[in-house]
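# coords below, sequence missing:
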């Protein structure tokens, strides 16, 4: 979906017109005020996905800020088309001011040395490079959230004709960028990242699965019966013969997933597919974004399904079948 055009009060001033009609339209509900002097059609705004609304907020900041601004972190990612876990994120930008980062007018500033600011122009906006963007996010957010953008950049981006980044490129860009403890944390996430992840929801799920201590699942597992392939599953644990499926909204909304079907037909196909998987003797556990947003909910689902936990390095191996109290 194409983003709606921003309506700017300064454009009215340039032609000698008053900007008061814009304020009046915002009060009556026709326009929505995003920032001082920046408006958007309210009806079109309400039809946008939350990540599209965030991208438009970045655009609005670029129009209203007085000095050239380098957008970073989640804001830079939104310009690059890199998925992130937003959850109320402000607009992020860099500053070389030695007094540190300052939040002002809804923009969070991050202190950076001038020689470390890798800047590119994308869609008319100054942003940090793809590699710098995902590394900065990984250094800034919890582990599971950091997995999402890193999984994404390890794959080619056909929409923007961008090649995949490699783990070697990500690791080469790390030295000297962050304090040692932060660098170690980012290295851990890079090591965990996997281009086999099929969607942002799957990436976030996999991060939460790891943080919760479950055994690592096989990704994009081919479920087969005696007659051949039944389906590919998002996750699979052989130890409990459990298929895990993240159920996002895209398959019910986007044309590339609908493939001429109605959302109702997709629901029926999902049920039939799940029945075929269960007929192979495997159990299926399915979850949505609402489960991921609720702390501990995914942990409960997987525990109930019998998904095994990772073996602790300190556990060793028992030398007899009994348990000594």
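Okay, I see it. Note that the coordinates shown come from a computational prediction; the quantities given were computed from them, not determined experimentally.
# checking the most centrally placed residue in the chain next. Helix, strand or coil?
For the chain, the residue nearest the mean C-alpha position is residue 84 (2.5 Å; C-alpha atoms, centre = their mean). With DSSP: H, G, I helix; E, B strand; the rest coil as the basis, residue 84 sits in coil.
# my read is that it contacts residue 76, right?
No: at 9.8 Å, residue 84 and residue 76 do not qualify as touching, with contact defined as C-beta atoms under 8 Å. (C-beta placed from N, C-alpha, C; glycine too.)
# contacts only, for the residue nearest to the centre of the chain.
Contacts of residue 84 were listed using C-beta atoms under 8 Å, 6 or more residues apart in numbering, and they are 74, 77, 78, 137, 145, 148, 149, 200.
# hmm, which helix or strand of this structure has the shakiest average pLDDT?
Scoring the helices and strands of the chain by mean pLDDT, DSSP states H and E places helix 255-258 at the bottom, with a mean of 51.
# residues contacting the nearest residue to residue 186 once chain neighbours are set aside?
Spatial nearest neighbour of residue 186, excluding adjacent residues (C-beta to C-beta, 6 or more residues apart in numbering): residue 138 at 4.6 Å. By C-beta under 8 Å, 6+ apart, the contact list for residue 138 reads 146, 149, 150, 185, 186, 189, 190.
# that older thread, how about the contacts of residue 84 in a markdown table, adding pLDDT, secondary structure and distance to residue 49?
Formatted as a markdown table, the contacts of residue 84 follow (pLDDT from 0 to 100; DSSP: H, G, I helix; E, B strand; the rest coil; distance: C-beta to C-beta, whole Å):
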| residue | pLDDT | secondary structure | distance to residue 49 |
| --- | --- | --- | --- |
| 74 | 98 | helix | 15 |
| 77 | 98 | helix | 15 |
| 78 | 97 | helix | 12 |
| 137 | 97 | helix | 19 |
| 145 | 98 | helix | 18 |
| 148 | 98 | helix | 16 |
| 149 | 98 | helix | 17 |
| 200 | 95 | helix | 12 |
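# which of those lies closest to residue 281?
Of all the contacts of residue 84, residue 200 has the smallest distance to residue 281: 31.0 Å, by C-beta to C-beta.
# so that closest one touches residue 83, yeah?
Yes: judged on C-beta under 8 Å, residue 200 makes contact with residue 83 at a distance of 3.9 Å.
# and the two? Which one has more around it.
The neighbour count for residue 200 versus residue 83, taken as other C-beta atoms under 10 Å, is higher for residue 200 (22 against 18).
# turn the contacts of residue 84 into CSV, including distance to residue 245.
What follows is these, written out as CSV (distance: C-beta to C-beta, whole Å):
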residue, distance to residue 245
74, 27
77, 26
78, 28
137, 26
145, 21
148, 18
149, 23
200, 15
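# farthest pair in those residues?
Farthest pair in these (C-beta to C-beta) is 78 and 145. Separation: 14.6 Å.
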